[in-house]
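Peer 1: Predicted structure and sequence below. I'll ask about it afterward.
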Amino acid sequence: MSINYEEYVAGLVAKARSAQAIIENYTQEQVDALTCAVAYALTKPEVALKFGEMLVEESGMGIAADKQAKMYGKVKGTYFQMKGQKSVGLVEVDEKMGMEKYARPIGVIGAIIPVTNGEATPVVKSLMALKTRNAIILAPHPKARKTNLAVTEAIREAIVKLGAPADLVQAIDPEYVSIETSGALMKQVDFILATGGTPMVRQAYSSGNPAIGVGTGNVVSLIDGTTDMDKVADMLIRSKTFDNATSCSTENNIIVFEECYDKFIEAMAKQGAILVKENTPEKAVLLKTLWPESPANHDLNRQIVAQPASAIAKAAGLNDADAVRMIMVEDNDGYGNDFPFTGEKLSPVASVRKCKDFEDGLDKMMKILEYQGKGHSCGIHTSIKERVTEMGERIPVCKVCVNLPQSLSNSGSWTCGFPISMTLGCGTWGHNSISHNATWKDLLNFTYVSREIPSFQPKDEDLFDSAIIAKVNA
């Protein structure tokens, strides 16, 4: 029997619109009660762990305890950021300019959920929608369909206890989860919040409806040797091994000043990382382990995605595989399709290359990002402030992490200032509509009210610079 995806989605959207019509009249206090209830209910230790374990079992990816920690950090952090913030009615008054700003809901949000973060993303996006009096429909990856439904049911249970309609938050039923259903959803909702692979994000932007999507992650970090190398190694290992590198924010490429390269490799080895040398049989086998059909194509082997480094090392026949926490691969030869280690690996594997100095390091970073990851983020471990400034001015990314574990920071954390989010904008560099980490503020319409004020029109002699006028008139 053929499935009518448009009809199925239309039923979900109709229920969402009915529920949203009710919450549209909620007060700020009622809205904030809903977000508090959901954040609390979904971060109970046993609940967060249950969903972490469920997703690991269903997807075969990641680490349950890390997914539990992700629920704590992302869900609680998202709620913390919105707690006490105005999202209903009059939110801003500028008496001098005679302006008022009113927050208004968008309507029905279609949310694309990635398998890599299928435990926390549905909760975070639901919180964003509830804070802004929107309804939301959650469309998961096929390998997270059961987890997505269970998380959604937990959210619905929490909001119903406060008297809200359950259909404010809906999931695509497991039997309907497909590319076709997600495509139909994106065409029928009022707004799309897409986190997932590049093809899905591009589909969101081409759906005909407003959308926020994310760009491809392929993070590059630069190590200049001016900070404690043991601390650098600790941060890199923690970042790269968290949830077996499910995050698109983890370090995929590491560039190290050649003067401190050996010290860096030694520090990483103490933390359980191994180095696969370039131009060796081991590197050739590892390449085929990650990209079995290379050089014909560079489709990543799905069997190694978000798997422990030890399992990947065993598959590649590397020595002492059981003790391996992270695999580093020397990759000094080039960039792009002929050098696939330059790209995203979605596993505890990172390429490592040397640079002569800071300028050479930036040049190598630019070449990597031009191949993949432009717009997303990069990092540097340094004590020299001027180097940070230069990176901020020159590198085409939206986030620069300084002396931080990349995947534990650039999507927001308790120890850095980036907004906590599961949707990282990559600007026009990454073919995105935003450059910041998406938050609840991105799910609002605004009505602006203007009243007459005394004229603020200046005289021309005050408006235009006389030196510029002289040059124009010369």
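Peer 2: It's in. Residues are numbered from 1 along each chain as shown.

Peer 1: mind giving me the domain ranges of this protein?
Peer 2: Here the chain is described, according to automatic domain parsing, as comprising the domains 5-213+439-449, 219-413.

Peer 1: tell me how far the ends of the last one are from each other?
Peer 2: Spelled out, that is domain 219-413. End-to-end distance of domain 219-413 (Cα to Cα, to the nearest Å): 17 Å.

Peer 1: ditto for the longest one
Peer 2: For domain 5-213+439-449, the first-to-last residue distance is 41 Å (Cα to Cα).

Peer 1: Of all the domains of the chain, which one is nearest Gln457?
Peer 2: domain 5-213+439-449 (13.6 Å; Cβ to Cβ). Placement of C-beta: from N, CA and C, glycine included.

Peer 1: Report the rounded mean pLDDT for that closest one.
Peer 2: For domain 5-213+439-449, the mean per-residue pLDDT is 96.

Peer 1: Now do the strands in the stretch 1-150 of the chain.
Peer 2: Using DSSP state E, counting those that start in this stretch, the strands of the stretch 1-150 of the chain run over residues 89-94, 99-105, 108-112, 135-139.

Peer 1: closest to Phe191 out of those strands?
Peer 2: strand 108-112 (5.3 Å).

Peer 1: if we can go back for a sec, columns distance to Ala154 and mean neighbour count on top of the strands of the stretch 1-150 of the chain, output as a markdown table?
Peer 2: Putting the strands of the stretch 1-150 of the chain into a markdown table (distance: least, Cβ to Cβ, whole Å; neighbours: other Cβ atoms under 10 Å) gives the following:
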| stretch | distance to Ala154 | mean neighbour count |
| --- | --- | --- |
| strand 89-94 | 29 | 12 |
| strand 99-105 | 23 | 17 |
| strand 108-112 | 16 | 27 |
| strand 135-139 | 12 | 28 |
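
Peer 1: which one of the domains of the chain lies closest to Ala470?
Peer 2: Each of those has some distance to Ala470 by Cβ to Cβ; the shortest is domain 219-413, at 31.4 Å.

Peer 1: Buried residues of stretch 432-448, list them for me.
Peer 2: 432, 434-444 (16 or more other Cβ atoms under 10 Å).

Peer 1: Can you show me the CA trace of it as PDB?
Peer 2: C-alpha atoms of stretch 432-448 as PDB (Å, rounded to 0.1, in the frame of the first residue of the first chain):
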ATOM      1  CA  ASN A 432      23.200  29.400   6.100                       C
ATOM      2  CA  SER A 433      20.900  32.300   7.000                       C
ATOM      3  CA  ILE A 434      22.400  33.000  10.400                       C
ATOM      4  CA  SER A 435      25.900  33.200  11.900                       C
ATOM      5  CA  HIS A 436      25.000  32.600  15.500                       C
ATOM      6  CA  ASN A 437      24.000  29.600  17.600                       C
ATOM      7  CA  ALA A 438      20.200  29.400  17.100                       C
ATOM      8  CA  THR A 439      18.100  30.000  20.300                       C
ATOM      9  CA  TRP A 440      14.500  30.500  21.200                       C
ATOM     10  CA  LYS A 441      14.800  34.200  20.000                       C
ATOM     11  CA  ASP A 442      15.000  32.900  16.500                       C
ATOM     12  CA  LEU A 443      11.500  31.400  16.700                       C
ATOM     13  CA  LEU A 444       9.700  34.700  17.100                       C
ATOM     14  CA  ASN A 445       7.900  37.200  14.900                       C
ATOM     15  CA  PHE A 446       8.000  40.800  16.100                       C
ATOM     16  CA  THR A 447       5.400  43.600  15.700                       C
ATOM     17  CA  TYR A 448       6.900  47.100  15.900                       C
END
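
Peer 1: That stretch: how far from the chain's middle?
Peer 2: Distance of stretch 432-448 from its chain centroid, counting by Cα atoms, centre = their mean, to the nearest Å, is 15 Å.

Peer 1: nearest to Trp291, of the strands of the stretch 1-150 of the chain?
Peer 2: Closest of the strands of the stretch 1-150 of the chain to Trp291 is strand 108-112, at 25.7 Å (criterion: Cβ to Cβ).

Peer 1: That closest one to strand 135-139, inter-axis angle?
Peer 2: 20 degrees (axes from the mean of the first three to the mean of the last three Cα atoms, to 10 degrees).

Peer 1: Just the residues contacting strand 108-112, thanks.
Peer 2: Residues from elsewhere that reach strand 108-112 (Cβ atoms under 8 Å, 6 or more residues apart in numbering): 13, 16-17, 20, 121-122, 125, 129, 134-139, 182, 185-186, 188-196, 200-201, 204, 209, 443.

Peer 1: Can you give the strand pairings for it, parallel or anti for each?
Peer 2: strand 135-139 (parallel), strand 191-194 (parallel) (DSSP bridges).

Peer 1: could I get the ones you listed as JSON lines with distance to Gly107?
Peer 2: Shown next, in JSON lines, are those (distance: least, Cβ to Cβ, whole Å):
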{"stretch": "strand 135-139", "distance to Gly107": "7"}
{"stretch": "strand 191-194", "distance to Gly107": "7"}
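
Peer 1: Format the domains of the chain as TSV; extra columns: distance to Ile420.
Peer 2: Converted to TSV, those look like this (distance: least, Cβ to Cβ, whole Å):
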stretch	distance to Ile420
domain 5-213+439-449	4
domain 219-413	3
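
Peer 1: Quick one, which of those domains gets closest to Ala474.
Peer 2: Nearest of these to Ala474, taken as Cβ to Cβ: domain 219-413 at 32.8 Å.
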